[in-house]
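>>> Mind looking at a prediction? Sequence and model below.
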Amino acid sequence: MKQRGGTGGLPQASAPSPDDAGPPADGPGSAGAATGAAEAPPAPGRRGATLRLAGLYAITLMAIVTMVFLLPRAMPGDPLSALEDPDAGYFITDPEVRQRVLSYYGLDGPLHEQYLHYVGSLATGDLGWSVARNTPVAGLIAGHLPWTLLLVGLALGLSASVSYGAGIVAAWNRGRLPDRVVLVALTGLRGVPEYALAALLLITLAVLVPLFPLFGAYTPFAEYESLWSQVSDIAFHLALPLLALTLSLVGTKFLLVRNTAISALGEDYMQLARAKGLPLRRQQFHHVGRNALLPFLTVMALQVGTAVGGSIFVESVFAYPGMGVLILDAVEARDYPVLEAVFLALAVTVLVANFLIELVYRRLDPRVGAQ
């Protein structure tokens with residue numbers, strides 16, 4: 001009894017003896033060393049992976065800068081060819097004046113000198129001066145880019161919410177009438193171009209049934225009584241362009257979520273969730289929804305560029321004052337500085353959005369960030 005009592009008490013059992021303490025704390029087999037070996041590498045590994053990812057995006061950005069520089073110069077003519085058209089109202093007939101303008105915009109030197117001049121100007125934040133509009137390009141971008149970001153950002157957010165929720169609910173009710181109707185409708189929308197959807201909505205809801213404005217982002221010369229009235233007017237003009245761009249983005253993500261959710265419904269953990277009697281919404285969005293989240297984010301990243309490209313056509317149909325209108329005017333005038341700045345701004349927007357989505361992806365799946 002004394003032997004059992006001397007070793008069986010709770011305080012003595014919780015305090016390890018020197019013989020049971022194991023190797024010293026700094027030994028190779030210690031718990032501290034094992035813990036440090038398991039926990040120390042991930043943080044530097046994640047930082048290193050993030051830095052490598054940022055480096056890859058920086059290289060991509062330099063490649064885009066080069067392509068943006070070369071793309072307008074691959075077009076026939078030059079920036080001043082449109083200014084020589086007598087019907088344009090602003091044209092240059094004096095060769096000396098033409099040469100001075102070419103020299104001012106750096107278009108009279110070799111291609112490599114033009115490129116170095118362009119990159120040097122970008123490094124100082126100088127986007128150049130519009131040839132056709134005779135105004136700083138930075139001011140044009142600042143006036144048009146927010147409208148495009150508003151349209152694209154809301155379209156991506158709405159399409160993500162609708163496709164994610166509808167895909168999970170449709171998978172839960174697969175084979176039934178609501179699933180078939182939504183599946184056929186959204187699959188059909190995938191094949192309709194953005195400009196066709198925009199034109200259809202414009203004719204239907206702005207011409208035949210005049211519920212929404214025909215063009216613009218706000219009512220010209222309107223005097224708003226409050227901030228809410230201004231926001232309401234902007235939202236009223238944004239409704240049709242936003243609907244057209246959102247409908248064009250929903251189909252692909254919906255099909256992906258639906259198919260991923262259907263495959264997850266037969267897994268063992270879903271049978272266990274049903275057996276435990278978990279609420280239906282928790283089964284749908286916590287168990288099935290999380291299984292579809294990673295591929296859903298992958299498609300989201302791919303669709304950022306699609307949304308930016310589609311917004312150009314939607315804006316042109318509704319005369320929405322975003323980057324699309326600016327691009328069309330710049331292409332017609334061969335306005336190199338404006339074209340370069342617009343393409344660069346859109347490309348940087350897509351790169352930043354993809355970079356942020358990839359960081360979220362790595363956060364949700366640590367296996368990706370550790371690679």
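That came through, no problem.
>>> hey, let's count contacts and neighbours off CA atoms from now on
Fine.
>>> Can you list the low-confidence ranges for the stretch 201-350 of the chain?
Scanning the stretch 201-350 of the chain for pLDDT under 70 picks out 266-274, 276, 278-287, 289.
>>> Now do the helices in it.
With helices called from DSSP state H, counting those that start in this stretch, the stretch 201-350 of the chain shows them at 227-265, 268-275, 280-281, 289-291, 293-318, 323-333, 336-364.
>>> Of all these, which one is nearest residue 176?
helix 227-265 (13.6 Å; C-alpha to C-alpha).
>>> helices and strands around that closest one, which ones?
helix 137-172, helix 177-190, helix 194-202, helix 289-291, helix 293-318 (3 or more C-alpha pairs under 8 Å, 6 or more residues apart in numbering; DSSP states H and E).
>>> picking up where we left off before, ok, which of the helices of the stretch 201-350 of the chain comes nearest residue 146?
helix 323-333 (8.9 Å).
>>> Next, the buried residues of that closest one.
Residues of helix 323-333 classed as buried: 323-327, 329-330, 333 (neighbour count, 16 or more other C-alpha atoms under 10 Å).
>>> Tell me which residues touch residue 205, please.
211-212 (C-alpha atoms under 8 Å, 6 or more residues apart in numbering).
>>> ok, now how distant is it from residue 199?
10 Å (C-alpha to C-alpha, to the nearest Å).
>>> And residue 361, by the same measure?
In terms of C-alpha to C-alpha, residue 361 sits 36 Å off from residue 199.
>>> When the two are compared, which one has more neighbours?
residue 361 (20 against 17; other C-alpha atoms under 10 Å).
>>> was I right about the more buried one contacting residue 295?
No: with contact defined as C-alpha atoms under 8 Å, residue 361 does not count as touching residue 295 (9.4 Å).
>>> quick one on the thing from earlier: mind checking the helices and strands packed on helix 227-265 for the one nearest to residue 58?
Comparing the helices and strands packed on helix 227-265 by C-alpha to C-alpha, helix 293-318 comes nearest, at 17.3 Å.
>>> wait, what's in contact with residue 240?
By C-alpha under 8 Å, 6+ apart, the contact set of residue 240 is 198, 201-202, 212.
>>> do residue 217 as well
Here residue 217 is in contact with 234, 237-238, 320-321 (C-alpha under 8 Å, 6+ apart).
>>> from the residues you listed, which is closest to residue 130?
Closest approach between the contacts of residue 217 and residue 130, by C-alpha to C-alpha: residue 321, at 17.4 Å.
>>> The closest one touches residue 234, doesn't it?
No: Residue 321 lies out of contact with residue 234 (C-alpha under 8 Å); the separation is 11.8 Å.
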